[in-house]
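Enquirer: requesting a structural model of the entry that follows:
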Amino acid sequence: MNLDPISEKKRLLWIDAARGFAIFGIFMVNIGAFSAPYFMHGGEAEAWPGSVSHFIQGIIDMFFQASFYTLFSLLFGFGFQIMIDRLVEKGGAVYSILFRRMLILIGFGLVHAFLIWYGDILLSYGIIGLFLLLFVKVKNRTLMIWAFLLMGSSVTYYSTYLYEYRQYLGFIGHEEINQAIVNYQSSSVPKIWAQNYADWVYANGDIAYIFLTSTLLPLFLVGMLIARKRWLHDLEQFKGVLKWGWAVSLLFFLVLKLGPYAYGNPVWFSYIQDNLGGSASALFYIFSIGLLARFDFGMKLIKPFVHVGRMSLTNYISQSIIMFILFYGIGFSMYGTISPLEGVFIVILVYTLQVFASKWWFNYYQFGPLEWIWRGLTYNQRQTFKKHKETRDESR
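Expert: This is a model prediction of the structure:
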């Protein structure tokens, strides 16, 4: 089987750009959880009482929170289907290769989740991604039925539960906040890892993984459907579909993601806001990028995200390593000390460096370093890493 990477001329650059954009948005949300305990345990209003901080938090909640991991989830399903198509075309062992690919992703996730940051998504993607093997050969209609059933039942059940117990929501875990600050500011790596493990269990324990599966898997399936329909392959042929999808997703984005702010943004509505509103905003973003990519000026706008997206795994984990050093006690011990505005500046600075570093990297290499490892282990075959001189010249 020919395992050569897709040539740069044949790549769907707008899909790479969407991945890069998702990595930026995920980073904007993650820094709040990486730098302080309030995202998980509440109390941010007490910690940051200023109007500027409240404004920044509101902007992140409306336009970033639950909008970019959902975008990345759609793209994960999209990429999964693209890989199925390529394996079928090349005569590859579809199920064994995809199964191995998910196991390797689980391995990355275990290292990232327990040694670097509890908020990891790779472990969840790998575990839940295994379920996609059940959908390799099903009809498009079946994909959509399962997506609607899973998301609909999850949102209906949990939102009803939150509404019934709404008077108990908004609890602030002062003891947990103090413990997290002490441990993450410690210079002891075992203490940091112990707190990281405790936070992972807190976020993912009990039946949380069931609800996570019921919201992530539908997004994977919708991403697979979009790839099967090839709506984002030929932007001119499907511009009507993209415009229709853009308008509908914008409407739901406005109503379900931004709309709750018109009536006090109640906590009990957050599950609907994040999962339905966040999914709508993710579709809005990906359709917007697709429509922009039809024009030269649009490609110039999204171009900075392309190279970051091509090595999204490397950049995602790199962000966590940088944050580990910045915020925890073995590094600069900034945990619990920065404001939301300062967090935004850090994200912009680090991401800008990643844009330039990623562009430079692809002048010399075929893949990002972690992507190269992932691909080689997936196919159980060493992959060409460096570009030949003539290939480097073409990519410049």
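
Enquirer: list the contacts of stretch 133-151.
Expert: Stretch 133-151 is contacted from outside by 84, 94-95, 98-99, 102, 213-215, 217-219, 221-222, 224-225, 228-229, 275-276, 279, using Cβ atoms under 8 Å, 6 or more residues apart in numbering. Any C-beta I mention is one placed from the backbone N, CA and C, and that applies to glycine too.

Enquirer: please spell out which residues along that stretch are buried.
Expert: Neighbour-count burial for stretch 133-151 flags 133, 135, 143, 146-147, 150-151 (criterion: 16 or more other Cβ atoms under 10 Å).

Enquirer: what about it, average pLDDT?
Expert: Across stretch 133-151, the average pLDDT comes to 98.

Enquirer: can I assume Gly43 is in contact with Glu175?
Expert: No. With contacts counted by Cβ atoms under 8 Å, Gly43 stays clear of Glu175, the gap being 11.2 Å.

Enquirer: and the most centrally placed residue in the chain, how far from Ile317?
Expert: In the chain, the residue lying closest to the centroid (Cα atoms, centre = their mean) is Tyr69, at 3.2 Å. Distance of Tyr69 to Ile317, given as Cβ to Cβ, to the nearest Å: 15 Å.

Enquirer: next: Pro260.
Expert: Pro260 is 33 Å from Ile317, where distance means Cβ to Cβ.

Enquirer: for Glu236, same thing?
Expert: From Glu236 to Ile317 the distance is 36 Å (Cβ to Cβ).

Enquirer: of those two, who's got more company?
Expert: Each of Glu236 and Ile317 has its neighbours counted (other Cβ atoms under 10 Å); Ile317 has more, 20 against 7.

Enquirer: list the contacts for Gly107?
Expert: Contact analysis of Gly107 by Cβ under 8 Å, 6+ apart lists Gly126.

Enquirer: just the pLDDT at Phe72, thanks.
Expert: We have a pLDDT of 98 for Phe72.

Enquirer: wait, it touches Val29, no?
Expert: No. Applying Cβ under 8 Å, one finds Phe72 not in contact with Val29, separated by 11.2 Å.

Enquirer: spatially nearest residue to Ser124, not counting backbone neighbours?
Expert: Among residues not flanking Ser124 along the chain, Leu212 sits closest, at 5.9 Å (Cβ to Cβ, 6 or more residues apart in numbering).

Enquirer: oh sorry, the question was meant for Tyr285
Expert: Excluding the flanking residues, the one nearest Tyr285 by Cβ to Cβ, 6+ apart is Leu71, at 5.5 Å.

Enquirer: elements contacting the helix or strand hosting that neighbour?
Expert: Leu71 belongs to helix 68-90 when elements are defined using DSSP states H and E. For helix 68-90, the packing partners by 3 or more Cβ pairs under 8 Å, 6 or more residues apart in numbering; DSSP states H and E come out as helix 13-35, helix 94-115, helix 122-129, helix 208-229, helix 278-292.

Enquirer: hmm, who's touching the following helix or strand past the fourth one?
Expert: Going down the chain from helix 208-229, the next helix or strand is helix 239-252, by DSSP H and E. Here helix 239-252 makes contact (Cβ under 8 Å, 6+ apart) with 229, 231-232, 235, 276-277, 280-281, 283-284, 287-288, 290-291, 294.

Enquirer: using CSV, write out every CA atom in helix 239-252.
Expert: Taking C-alpha atoms only, helix 239-252 is exported to CSV below (Å, rounded to 0.1, in the frame of the first residue of the first chain):
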residue,chain,number,x,y,z
LYS,A,239,-21.2,26.8,-2.3
GLY,A,240,-25.0,26.8,-2.0
VAL,A,241,-24.9,24.1,0.7
LEU,A,242,-22.2,26.1,2.5
LYS,A,243,-24.2,29.3,2.4
TRP,A,244,-27.3,27.5,3.7
GLY,A,245,-25.4,25.8,6.4
TRP,A,246,-23.7,29.1,7.4
ALA,A,247,-27.1,30.9,7.7
VAL,A,248,-28.8,28.1,9.7
SER,A,249,-25.8,27.5,12.0
LEU,A,250,-25.5,31.3,12.6
LEU,A,251,-29.2,31.4,13.7
PHE,A,252,-28.8,28.6,16.2
